[in-house]
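> Sequence plus predicted model, see below.
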Amino acid sequence: MPILSLPIFPSLDSAIASIFGNNNRILHTSPVAGGDINEACRLELTDGTRVFMKANRKDNLSFFTAEAAGLEAVSRTGVIGTPELLCYGTDEDRGGFSFLLMEWIQGERRISNYWETFAHQLAAMHRAPTQNFVSGGTYGFDQNNYIGARPQTNTANDSWVAFFRDCRLEPQFRSAEHYWGNGDLKRIGWLLDHLGDFLVEPENPSLLHGDLWSGNVIEGNDGRAWLIDPAVYVGHAEADIAMTELFGGFPQGFYSAYRETGLLQPDYEGRRDLYNLYQLLNHLNLFGRSYLSSVRRILDKYVK
């Protein structure tokens, strides 16, 4: 997939002037509640236009180039909504920060079959061709990105099981090595060596959102579900569905509708916790010991 060619600007004011006209400037800035990695706010311009901005330290511009590439990949499938990307850049004039500008999402009233429609659109994204998203292999992505605030490696591999072992579980286990005793290390090594006893190769590779929990699904301007804050890569569709079940889950109508598409292979429930082991290890490495018992519970399930 070609590198995303979004405009990049040396200041927020120059971005606003270039995109919305020289007579436009920021009239009001309002904070927007949301994630804990970036600052988010709504910009209201002098002509009444509203713009969504995410900001972080100047040296974290790569957060936004990766996010933009992920949103662009989802958008290219042509089956599910994402916010329109406007530009990114850095700003020295206002104290030194990096930023990403996107369209402001009004959040129109949901359509009546919101969750069922979302399930079918997500399945369509999971069925979309993936060959333009990863070079030199079947699984991965053409650039590395982030899962939360942590780097996510997307080195191409022709085996889903090998990719999930080498680029997902193994780096997270290594980052959390200060939690493991000798017995833990033996169990972790055994699991990584025998991952193919539990996971299956997908019938077809899928573009994944990669961080699919309820906070990253919003009501779009068409009343349907739109995706934000992706950690995209090509993998097994089941990994996305497993993530939706980790922190509270979606309404049952979503799961019933997704199952109708036939993308879940037999015994998905037996693999679900292994997919979510990656997410829980990431939370352990981001937020600390409170996630350790959940990680150990999954190890106990698969390593006797």
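Structure's in. What do you need?
> I would like the residues contacting the helix ranked longest in the chain, please.
For the chain, the helix that runs over the most residues, judged by DSSP state H, is helix 268-287. With C-beta atoms under 8 Å, 6 or more residues apart in numbering as the test, helix 268-287 has contacts from 147-150, 164, 168-169, 172-173, 175-176, 179, 195, 198-200, 211, 236, 238-239, 241-243, 245-246, 291-292, 294-295, 298-299, 301-302. Glycine gets a C-beta too; all of them are placed from N, C-alpha and C.
> quick check, Ile218 in a strand?
Yes - Ile218: assigned to a strand according to DSSP: H, G, I helix; E, B strand; the rest coil.
> Return the residues in contact with it.
Counting by C-beta under 8 Å, 6+ apart, Ile218 touches 105, 107, 225-226, 228.
> Try it again at 6 Å.
For Ile218, the contact set (C-beta atoms under 6 Å, 6 or more residues apart in numbering) comprises 226, 228.
> how about the strands in the stretch 101-250 of the chain?
Ranges of strands in the stretch 101-250 of the chain, per DSSP state E, counting those that start in this stretch, are 145-147, 150-152, 206-208, 217-219, 225-227, 233-235.
> Present those strands as TSV; the columns should include distance to Glu39 and mean pLDDT.
As requested, the strands of the stretch 101-250 of the chain are exported to TSV (distance: least, C-beta to C-beta, whole Å; pLDDT from 0 to 100):
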stretch	distance to Glu39	mean pLDDT
strand 145-147	16	97
strand 150-152	19	97
strand 206-208	27	98
strand 217-219	18	95
strand 225-227	21	97
strand 233-235	26	98
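> Next up, the contacts around Phe118.
Ala225.
> Relative to Tyr268, how far out is it?
Per C-beta to C-beta, to the nearest Å, Phe118 is found 19 Å from Tyr268.
> that older thread, buried stuff in the longest helix of the chain?
Under the neighbour-count criterion of 16 or more other C-beta atoms under 10 Å, helix 268-287 has 268, 271-285 buried.
> where does the stretch 151-300 of the chain have low pLDDT?
Applying pLDDT under 70 to the stretch 151-300 of the chain picks out no residues at all.
> What's the local residue count around Phe133?
22 (other C-beta atoms under 10 Å).
> quick thing: my sequence starts at 46, can you match it?
Sounds good: first residue 46 from here, last item Phe178.
> Would you list the phi and psi of it?
phi -100, psi -20 (degrees, to the nearest 10).
> I figured it was touching Tyr278, is that so?
No - proximity of Phe178 to Tyr278 does not meet the contact threshold set by C-beta atoms under 6 Å, at 8.1 Å.
> Find the residues that touch each one of the two.
What both Phe178 and Tyr278 touch, as defined by C-beta under 6 Å, 6+ apart, is the set Phe186.
> Now distance to Tyr133 too, for the strands of the stretch 146-295 of the chain, in a markdown table please.
As requested, the strands of the stretch 146-295 of the chain are exported to a markdown table (distance: least, C-beta to C-beta, whole Å):
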| stretch | distance to Tyr133 |
| --- | --- |
| strand 190-192 | 14 |
| strand 195-197 | 18 |
| strand 251-253 | 22 |
| strand 262-264 | 20 |
| strand 270-272 | 18 |
| strand 278-280 | 21 |
